[in-house]
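A.B. asks: Fold the following for me, if possible:
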Amino acid sequence: MALEITETTMTATVKGKVIASATRTDCGWHITTWPRSLDRNSAITALMLAERLITHGEDDPCVIE
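C.D. replies: Coordinates of the predicted model:
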């Protein structure tokens with residue numbers, strides 16, 4: 001997994017394919033895999049959980065929690 005973070009965007013990729021992204025707005029970070037805006041640290045966590053889901057499946061303990 002690669003997580004690229006800039007001042008205004010975040011992108012999570014697996015094997016060169018973008019699996020989730022986030023864009024900074026006035027209200028926080030809007031993540032493609034999450035229904036509401038989050039703060040910066042929560043956005044990073046959401047992108048990492050998207051990666052876990054893709055690579056380990058829905059039965060992964062981190063994904064379940």
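
A.B. asks: Need the nearest residue in space to the residue nearest to the spatial centre of the chain, chain neighbours excluded.
C.D. replies: In the chain, the residue lying closest to the centroid (CA atoms, centre = their mean) is residue 47, at 1.4 Å. The spatially closest residue to residue 47, leaving aside those adjacent along the chain, is residue 12, at 4.1 Å (CB to CB, 6 or more residues apart in numbering). Every residue, glycine included, has its C-beta placed from N, CA and C.

A.B. asks: Go through the protein and flag its longest strand.
C.D. replies: Determined from DSSP state E, the single longest strand within the chain is strand 17-25.

A.B. asks: which secondary structure elements does it contact?
C.D. replies: Using 3 or more CB pairs under 8 Å, 6 or more residues apart in numbering; DSSP states H and E, the elements in contact with strand 17-25 are strand 9-14, strand 28-31, helix 40-56.
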